[in-house]
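Participant: What follows is a protein structure lacking sequence information:
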């Protein structure tokens, strides 16, 4: 029988995500996480060998949730292009703001031992719904197969991030990316990649 | 007469850039910078009121140098598209590697009081040669005027960064962006934005 049956992994991950996001990796201690969960440090260590593993899992779970939201937004849309627009809208809604959890967590990812590898896994999760939509478009011969679907997905997200940065540095108030911006970016990209 | 005539600003900025890049903002102290310059702390403070101002100037100078390299690469090329390819090649050569000074410095920019503003100025410098080439292409009616030249420049750089990230996270060895990749990105973008 588990020695700490009443502290669920998911609950610990919820609290840890909140504290890592609010205070950063270094400042959010295992003790603080345990205390907010109402348990001892040992209960945390029962589930996660160390703070680093806990953080890695928080990030991975966050990316999985984001991937899921994106995939759901694209479901039941048959046109790959429209599917991609819906996926990108879901992405932008989820990550809105420079201080969105994903950016706060990512900033701290350098504390992880294999930070490059973790970052790669993360990006792969988030890109996946776009990659699938692009693969579909390649299969029905709507777009070129060069760049690859993986490269094209990363380029599209990069375009949006570049645009968001430009809007912020130009002092545009409010949301850095609007639906119209996504439309503009997808139009441009599609014209460029279509067969 | 200047009390420290033999310590040039430029020399201090050179040493400061080296130490900030190698050790990070927090670890590189004014004392270490002064010592490496062979002068007292007071000589540094004569030129820069505090560490933050010194760092801000290091970053701005770094961005200006990069802007200059990019602009030079595009000089004497009349086709806007070829000009942009040359500018992007210069950019990629200069920033090659995740640990290029520009990224190390940018990571530390959060220590600056008006970090958003500094970041905006920096991006503006770096984007400038691309913006000018895109404006030229708009003027000769080769590309659309929507997105704006500023937005298009940021989107192109974003595309390349996305692609570099994808290549690194896919475990591709060596340079994350090759000349062929720049060609692919520019081709795609140009097809998408041309009139």
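Facilitator: In hand now; what should we look at? Keep in mind the model is a prediction, meaning the values are calculated, not measured. Residues are numbered from 1 along each chain as shown, chains lettered A, B, ... in the order given.
Participant: the bottom helix or strand of chain A by mean pLDDT?
Facilitator: Across the helices and strands of chain A, mean confidence by mean pLDDT, DSSP states H and E is lowest for helix A:101-108: a mean of 79.
Participant: what's near enough to touch the closest residue to residue A:119 other than its chain neighbours?
Facilitator: Nearest residue to residue A:119, sequence neighbours excluded (C-beta to C-beta, 6 or more residues apart in numbering or on different chains): residue A:109, at 5.8 Å. Bear in mind the C-beta positions are built from the backbone N, C-alpha and C, glycine included. With contact set as C-beta atoms under 8 Å, 6 or more residues apart in numbering or on different chains, residue A:109 has these partners: A:59, A:115, A:118-119, A:122.
Participant: Distance of residue A:114 relative to chain B?
Facilitator: Per C-beta to the nearest C-beta, to the nearest Å, residue A:114 is found 12 Å from chain B.
Participant: and if you look at residue A:141?
Facilitator: Counting by C-beta to the nearest C-beta, the gap from residue A:141 to chain B is 17 Å.
Participant: On the three-state scheme, that residue is what?
Facilitator: coil (DSSP: H, G, I helix; E, B strand; the rest coil).
Participant: correct me, but it touches residue A:195?
Facilitator: Yes: if you go by C-beta atoms under 8 Å, residue A:141 and residue A:195 touch, sitting 6.0 Å apart.
Participant: Which residue comes closest to the residue nearest the centre of chain A once chain neighbours are left out?
Facilitator: Nearest to the mean C-alpha position of chain A, counting by C-alpha atoms, centre = their mean, stands residue A:63 at 4.1 Å. Nearest residue to residue A:63, sequence neighbours excluded (C-beta to C-beta, 6+ apart): residue A:125, at 4.2 Å.
Participant: Spit out the contact partners of that neighbour.
Facilitator: With C-beta under 8 Å, 6+ apart, residue A:125 has these contacts: A:60, A:63-64, A:66-67.
Participant: which of the residues you listed are buried?
Facilitator: Buried residues within those, counting neighbours by 16 or more other C-beta atoms under 10 Å in any protein chain shown: A:63, A:66-67.
Participant: wait, which of these is closest to chain B?
Facilitator: Sorting the buried ones among the contacts of residue A:125 by distance to chain B puts residue A:63 at the head of the list, at 12.3 Å, by C-beta to the nearest C-beta.
Participant: is it true that that closest one touches residue A:126?
Facilitator: Yes: the criterion here is C-beta under 8 Å, and residue A:63 meets it with residue A:126 at 5.6 Å.
Participant: Write out the residues of chain A neighbouring chain B.
Facilitator: Residues of chain A found near chain B (C-beta under 8 Å from any C-beta of the partner chain) are A:116, A:119-121, A:123-124, A:127, A:146-147, A:150-151, A:153-163, A:165-171, A:184-185, A:187-193.
Participant: now do 6 Å
Facilitator: Within reach of chain B by C-beta under 6 Å from any C-beta of the partner chain, chain A has these residues: A:120, A:123, A:147, A:150-151, A:154-155, A:157-159, A:161-163, A:166, A:169, A:184, A:188-189, A:191-193.
Participant: Now intersect these with the helices, please.
Facilitator: Taking DSSP state H, the ones among those that sit in helices are A:120, A:123, A:150-151, A:154-155, A:157-159, A:161-163, A:166, A:169, A:184, A:188-189, A:191-193.
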